[in-house]
Structures are given as structure tokens and as C-alpha cells.
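# sharing a model that was predicted from the sequence below.
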Amino acid sequence: MKRVIICALLAALAAVTGAAQAADYVIDSKGAHATIQFRIKHLGYSWLTGRFNRFDGQFSYDENNPSASKITVNIDPASIDSNHAERDKHLRGKDFLDVNKFPRATFVSTAYEEQAGGKATLRGELTLHGVTRPISIDVEHIGHGPDPWGGYRRGFAGSTQLTLKDFGINYDLGPASREVELFLSIEGIRKP
Amino acid sequence: MQWRNSNTRWGWMAILLHWLTAGVVIGLFLLGDWMVELTYYDPWYKTAPWLHKSSGVLLFVLTVARLLWRSGTPSPAPLASHTPLERRAASTVHHLLYLLLVAVMLSGYLISSADGRGIEVFGWFEVPATLHGIAQQEEIAGTIHRLLTYTLIAVALLHALAALKHHFFDKDRTLKRMLGL
């Protein structure tokens, strides 16, 4: 009986310390230390940039076992902002994001492979415009440590490229504008 | 024909403003309905909305002038053959048309000026944005603009059918009066 209790205690301790190592973070969208930006070629002559203003998410990261890292991000596609109301209205409409029909976009990671020099590859499923597809994001681990206000933060930058047609967005913006690049800047605050 | 209204006739100013408005409203409706479906590489992709917005602002100016004119010059009395119900219905529809016209133009203005940009009118001048930055303003104003426009066209159609009814069935002077005949 005694042995059983000790084993249970040890298992509980292992679970607790394990959980402490694989820390969970909430993306600091509240404090806007996170950004989801996109850019797409305009006619092939310049870059048009914009962003999604509303999103949230969390991730877990374990320094001893980085490949167990996970991230989930929920994006409100209606919050698209390209600094032009008429264009944003068009982008929210049925030609592009069709936000009334597809009010949510999500990214859920499936694998994380760290390479040397703080680089990594993050794989996961992106749901956009009602279509779920695997994508791969090039990640850079920017830094981590205590913040001046008693918290602990960790941040990454990521970039990837999507083909609009893959996600069922078929509006013709011209041959130079079939892909959109995404830039993600993600800072997480460690959960207490 | 005189330019001011009399007790029995519309003056040519009121007639001109009426038919000009009718023409521009129908034109803007068709233009608006067509332009929202244009593809990105269509030569009209930028020109059509520019025409729509410019003409809309000018129609607003015209409508304000028309309302001032209407308040400053007496409208001719209804024809003696019109029943009390017809008079009430006609008056209600006329007021509704003015109300819808103004609301449609204001909602259109609120779409294009939602981010604080002004509206350029044929490159002649720019109407600055006033009310802007409301959350989802362009979406809300857009929906209102579309629904009110359909309502305006439906009420205008009713108005036109009533005029034709007076002309062909009652054989009175209602439509002729608005044609200056």
C-alpha cells in the first residue's frame, strides 16, 4: 500500500515538473505584441500589405523537448485591414474571404522541428475560407525571458506562402498575384 | 411655361429636377448593380465606381436644391378627380421617395468615407469624410445602401405605375402635368 502511494506521488511529481517544463503560453494579442500580416503583389508592380487585427491563440514550448511544441491560432477573417475600407469590404466579401459564410480561420500545428541557430519548421493545418490544408511555416525563435512586470515571455517570427486557389479563393488578381505571403510575429506570455 | 409652380401647373424648374432625378437614379442603380460584379482587369473597374460616387454626390446637391425649391414654391393642388385615398397615398409615396433618396445617398457616402478618405467628384472637388472609423462601418453602410436602394427602386416603380394608371385608366392630367403638357 505504502509503495503504491509513493509510486503515485512520484508519478504526480513527474507530471507536475513535466508540465512546468512544457510551459504554456497565451499569445499576447491583448497587448498587441503579436501581428499577423500579409502581403501580395499588386499587378506584379509592388507589394500590397495588410493584416488581421483580431486573433488569439496559445502555444506550448518545452526547451528540453522542442519537437513537442504546439500552437493554435484563431483568426477573425473579418478583421482584415489593408488600410482601405472599400478594399477591405471587397476582401471580406464572396470574391475573397466570404466572412459571413466562413467566420473563422484557424491554424493548428501538427509538428515542430528545430534546427540550429534558432530556426525551425512548423507544420500544421490551416483552415481558411472553409478549406483545411497542411502548410509549413519557417520559424525563427526570437527570444525569451522575464518581462519587467513579473511575467515570462517567449517570442517567434514565422513566414509562409499560400496559393489562394488552394483555399478556394479564385478571384483573378492577375498572374503575379496568385500567392500571398504571411508574416507572423507571435509573443506569448507564460501561463502562471 | 413659367419656371415657378402655379396652383394648377408644375413650373419647368420642378419638372426638370424631377426628370433629371429620375434619370440619374435609374442610371446610378444600373451602374451600381453592374459595377460591383466587374472583374479586376476590367477597364471599368476603377472608372465605374468613380462615376457612381461622383454622380451620387452631385445628385445629393441637386436633391438639396430641389427640396429647397419645393419648400419655396407652392406645389400645384391635386387634381379634383383624385380621391382622398389617392391624395394621401401619393403624398406618402412622395415623402418616402425623398426620404429614401437622401438615405441611400448618405449610406453610400458612409461606405466610401469609412476609413476617413474623402470622395472625389469628377476630379473637380472632394467631399471630406465626416463620420468615419465606426467598427465595420463600410459593411453596415454597404448593407443599408443595398437594401434601401432596392426599396427606393420598388417605391419609384410604384410611383411610376400610379402615374401610368392615372394616364391610361383614369385618363386624367396627372402625368401630363409632370411633362409640362
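In hand now; what should we look at? Residues are numbered from 1 along each chain as shown, chains lettered A, B, ... in the order given.
# could you measure from the closest residue to residue B:8 other than its chain neighbours over to chain A?
Sequence neighbours aside, residue B:76 is the residue nearest to residue B:8 in space, at 5.5 Å (criterion: Cβ to Cβ, 6 or more residues apart in numbering or on different chains). No exception for glycine: its C-beta is placed from N, CA and C like everyone else's. Remark: distance between residue B:76 and chain A (Cβ to the nearest Cβ, to the nearest Å) = 43 Å.
# any idea which element the residue positioned nearest the centre of chain A lies in?
Closest to where the C-alpha atoms of chain A average out (Cα atoms, centre = their mean) is residue A:73, at 4.8 Å. Applying DSSP states H and E as the criterion places residue A:73 in strand A:70-75.
# what about that strand, average pLDDT?
Mean pLDDT, strand A:70-75: 98.
# alpha carbons of that strand, as PDB, please.
Presented in PDB, the C-alpha positions along strand A:70-75 are these (Å, rounded to 0.1, in the frame of the first residue of the first chain):
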ATOM      1  CA  LYS A  70       2.200  23.000 -30.100                       C
ATOM      2  CA  ILE A  71       0.400  26.100 -31.300                       C
ATOM      3  CA  THR A  72      -3.200  27.000 -32.100                       C
ATOM      4  CA  VAL A  73      -4.200  30.400 -33.500                       C
ATOM      5  CA  ASN A  74      -7.700  31.600 -34.200                       C
ATOM      6  CA  ILE A  75      -8.100  34.400 -36.700                       C
END
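# please see if the helix or strand just after that strand touches chain B.
Per DSSP H and E, the first helix or strand lying C-terminal to strand A:70-75 is strand A:80-81. No: if you take Cβ under 8 Å from any Cβ of the partner chain as the test, strand A:80-81 misses chain B, and the best it gets is 9.3 Å.
# now what about whatever helix or strand comes next after strand A:80-81, what contacts it?
Of the helices and strands lying after strand A:80-81 in sequence (DSSP H and E), the nearest is helix A:85-92. The contact list for helix A:85-92 (Cβ atoms under 8 Å, 6 or more residues apart in numbering or on different chains) reads A:50, A:77-78, A:80-82, A:96-99, B:49, B:111-112, B:114-115, B:117, B:137-139, B:142.
# that older thread, and the closest residue to the residue nearest to the centre of chain A other than its chain neighbours, what element?
Once flanking residues are discounted, residue A:73 sits nearest to residue A:57: 3.6 Å by Cβ to Cβ, 6+ apart. Taking DSSP H and E as the criterion, residue A:57 maps to strand A:55-62.
# before we move on, back to that, gap between the strand holding residue A:73 and the chain center?
Relative to its chain's centre, strand A:70-75 lies at 5 Å (Cα atoms, centre = their mean, to the nearest Å).
# return the set of buried residues in it.
A:70-71, A:73-75 (16 or more other Cβ atoms under 10 Å in any protein chain shown).
# residues making contact with that strand?
Strand A:70-75 is contacted from outside by A:27, A:36, A:52, A:54-60, A:104-109, A:112, A:122, A:124, A:184, A:186, using Cβ under 8 Å, 6+ apart.
# do stretch A:118-130 as well
Under Cβ under 8 Å, 6+ apart, the answer for stretch A:118-130 is A:66, A:71, A:77, A:96-98, A:101-102, A:104-115, A:132-142, A:158, A:162, A:167-169.
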